[in-house]
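Visitor: Have a look; sequence and predicted model below, questions after that.
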Amino acid sequence: MAEVYNPKIVEERIKKFWENEHIYKFDPKKSGKVFSIDTPPPTLSGKMHIGHAYSYSQQDFIVRFRRMFDGNVFYPFGTDDNGLPTERMIEKIKNVKSKNMKREEFIELCLKTLKEITPDFIADWKNLGVSCDYELYYSTIDDNSRKLAQKSFLELYKKGFIYKKAFPTLWCPECQTSVAQAELDDKELPSLFSTVRFKCDEKDLLIATTRPELLPACVAVFVHPNDKRYNNIIGEKAQVPLFNYKVPIIADESAQMDKGTGVLMICSYGDKYDAEAINKLKISPRIVLNYDGTLNIGKYKGMKIKDARKKILEDLKNAGLITEQKQITHAVNTHDKCGTEIEFLPTEQWFIRILDKKKDFLKQGNNIKWHPEFMHKRYDNWVNGLEWDWNISRDRHFGVPIPVWECKKCNEIIIANEKEIPIDPSEFKKKCPKCGQLAKGEEKVFDTWMTSSISPQIVYSLSNGRIKLPFSLRPQAHDIIRTWLFYTVVKSLYHENQIPWENTVISGFVTLSGEKMSKSKGNTVSPQEVMEKHSSDALRFWAAGSKLGEDLDYQEKDLIAGKKFETKLFNASNFVFMNLADYKYEKPKKLEKIDELFLKKLNNLVKSCTESFLNYEYSRSKLETEKFFWQMFCDNYLEIVKKRIYSSGGDKKISAQFALYAGLLVILKLIAPIMPFITEEIYQRHFKKIEKDKSIHISKWPSFNKEERTDILDLFIDVLTKVRQEKSIAKKSMKAEIVLILDKDTKNKLKDLLEDLKDVCCAKEIKEGKEFKVEFA
RNA sequence: GGGCGAUUAGGCUAGUGGCAAACCACCUCGUUUACACCGAGGAUUCAGGAGUUCGAUCCUCUUAUCGCCCACCA
């Protein structure tokens, strides 16, 4: 009984081998070109999910190819573990609320928890065979990252790109922090659209709203200047119901006549346009919301927004102030981290100026090569739609502190000295150089993207100057084009006045029965279970099944296909080496014609796969190699040379053995980036003693010549197929003996291959006749 | 409403200006000197319309459906 391939044991062993032998260790001393990767640092949140497995596999295909092709890759690994996502995770697993804890206490808990969970988290990446140099490691909260993030702030501040401003900003009442435009999601939510009775000179002025709780925040009423219904009251005052104060009625074109009643209520602050209008008209705002999303006014004080809305509607109704109500659904902006509806609150925040540089960002985008190209448009689309400068401050605890002090007396801003970073300014006061008073340290921290957007600079610092900026490649998924990718471009432009990387490859998503996977829907697949059940190689094989940027449906049978491929590779390799027992690893004096043709075909495959990989088309390469291996190598070539190997000797046999050895090795190398474990196992078992490279993954990518003609072999296969067809029709065994009749032309073309044709067709004789025919004995 | 993408066999996906493809599933057969599996063969397919072309699944326009991103939040 043949040995069965056991991926569970093999993959574990191979993984340890790579680790112990430091196969993927970056060698700064090695000369020549380095292919450098700005690896995405996954957000530390429990476990790797299938989307990670999908996109990290895809980037690893490319990197593994480059390692073999270019000889040296710089492939670091980091974890993104600060800021809101990390806080939320810690709050969840430790069942705490950061806002209820002392800052130092919470930070300590975060750091301690991270230490506990990080190794297990990274283990998933290693299990998947992602070939990073895990010793080139960073965390976005470690000393070096904090230092570089603060340094980035100091530099940009000095260059005038950073400002602090009190401004109605996007605010999440759940997380109690300001957020950035890029952190907004849309949600379709049901809402009650109520028409409310305002008064103007004792006459009703009807205004429709979904936010009655903002009535006390109303500071003005807009009507369209051309709206005949309201022309006559422009300049007069309207009385706000329930709260009984007067606001001006102003003509403004932003009021659309066909929406609601055509009268628009301006509140501080209902949305961005309210904020702009109030700012433009220099009206003083009426702030009715607290940071925690409760109201601060009258009898509604302390109520949450939704409760206050209910209560106010009730009170309006009781006072007969509602004329109409209908249920609608409308899209609202929510916070992508927690799903809470976003509010606008005036707070002091730090911003990086980006709105005035849109053209430059578009230009930078043009200088990067996008794979696939259409992802570039998404970037342009985002840049064109920017409406806010980048808010980089968050009112939270666990993040990189903002290295500034502010003197309350003279409003002087004191930035940290570059020598003292990383620093937490909230821990002590600093003397104001102007007035000598003690200035208070900033308590806000940076948005996590402030740090991850300098990932190229962070990993550059790990390379001791061996790497050049820009990097060769940034791989990532498409959901963070507007954040990670965009912000990295911003930083590189502002700091180094260049693009961060020459290329970017963007992965798609994983779906299940056509639907996007998400925890809330509960339709997720655990990559850990898939690896356990089907092997990491099979998971990667599946991930190689679609192109860059394309979504892929998860189907278990694809995993089974990968597993079958492993079995086939394993068995074919064993079979080949069974037949190489007496082979002296020498070249034959003369190659048999068919062996030569087979090697030419192999050459063409190498050429095509190399071109595909260079073009980031790993799926094309995988498909071609898979087909070649299964059909050309196993089903045809092995069958063709079997008899020659079994029963002949001398140079004829050596010729076949030579081609088998070379063929299998090349196939293994071509598929090695996709399935690193099994190819390594076979290499170690059979090839290592001859090839000498410590690992197949640091061996040289097969070389190739120009495209070779193989028509004769194709003709040979055609004839073979036809013979098999005849046997199938006749319901005969493939081993049934025949007499084969070929037309003169065909027979002549195949004259050097007739012996092989006889062998593989089990033909007693090949005769020349009028046309193709198979005769059974 | 704007942008982008997709639509290929029963399912999931490749692909090409010139015979439409792999895998799984299905049907028929064969297999014991690699492969409790493997092999051989078979049936079935380019969303609809118009245009460019000798020729379109591929290029252009258009319609429809689906997905993603953005905008809309009175």
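Guide: Happy to help now that I have it.

Visitor: quick one: secondary structure of the residue lying closest to A:K259 once chain neighbours are set aside?
Guide: Leaving aside its chain neighbours, A:K259 sits nearest to A:A208 (8.0 Å; criterion: C-beta to C-beta, 6 or more residues apart in numbering). Backbone N, C-alpha and C define where each C-beta goes, glycine included. The assignment at A:A208 comes out as strand when based on DSSP: H, G, I helix; E, B strand; the rest coil.

Visitor: from what I can see A:A208 touches A:F198, true?
Guide: No: judged on C-beta atoms under 8 Å, A:A208 makes no contact with A:F198 at a distance of 11.0 Å.

Visitor: So which of the two has more stuff around it?
Guide: Neighbour totals were compared for A:A208 and A:F198, and A:F198 leads with 24 against 19 (other C-beta atoms under 10 Å).

Visitor: what does the model give that one for pLDDT?
Guide: Listed pLDDT for A:F198 reads 94.

Visitor: Chain neighbours aside, what residue packs nearest to it?
Guide: A:L205 (4.2 Å).

Visitor: who touches A:V459 in this structure?
Guide: A:V459 makes contact with A:38-39, A:74, A:76, A:78, A:136, A:138, A:467, A:471 under the criterion C-beta atoms under 8 Å, 6 or more residues apart in numbering.

Visitor: where in chain A is pLDDT low?
Guide: A:1-2, A:520 (pLDDT under 70).

Visitor: shared neighbours, A:A208 and A:F198?
Guide: A:V263.

Visitor: Reformat the contacts of A:V459 as JSON lines; add secondary structure and distance to RNA strand B.
Guide: Shown next, in JSON lines, are the contacts of A:V459 (DSSP: H, G, I helix; E, B strand; the rest coil; distance: C-beta to the nearest atom of the strand, whole Å):
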{"residue": "A:D38", "secondary structure": "coil", "distance to RNA strand B": "22"}
{"residue": "A:T39", "secondary structure": "coil", "distance to RNA strand B": "23"}
{"residue": "A:F74", "secondary structure": "strand", "distance to RNA strand B": "29"}
{"residue": "A:P76", "secondary structure": "coil", "distance to RNA strand B": "28"}
{"residue": "A:G78", "secondary structure": "strand", "distance to RNA strand B": "25"}
{"residue": "A:L136", "secondary structure": "coil", "distance to RNA strand B": "32"}
{"residue": "A:Y138", "secondary structure": "strand", "distance to RNA strand B": "28"}
{"residue": "A:I467", "secondary structure": "coil", "distance to RNA strand B": "31"}
{"residue": "A:F471", "secondary structure": "strand", "distance to RNA strand B": "25"}
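
Visitor: which among those residues gets closest to A:F428?
Guide: Checking those against A:F428 with C-beta to C-beta, the nearest one is A:Y138 at 27.2 Å.

Visitor: Off-centre distance for the one helix or strand the residue nearest to A:F198 maps to?
Guide: Assigning secondary structure by DSSP states H and E places A:L205 in strand A:203-209. Offset of strand A:203-209 from its chain centre (C-alpha atoms, centre = their mean, to the nearest Å): 49 Å.

Visitor: in it, what's buried?
Guide: Judged by neighbour count (16 or more other C-beta atoms under 10 Å), strand A:203-209 contains these buried residues: A:205, A:207-209.

Visitor: Let me know whether it sits next to RNA strand B.
Guide: Yes: using C-beta under 7 Å from any atom of the strand, strand A:203-209 reaches RNA strand B at A:207-209.

Visitor: so what does that strand touch, helix or strand wise?
Guide: Where contact means 3 or more C-beta pairs under 8 Å, 6 or more residues apart in numbering; DSSP states H and E, strand A:203-209 is packed against strand A:184-200, strand A:263-267, strand A:322-335.
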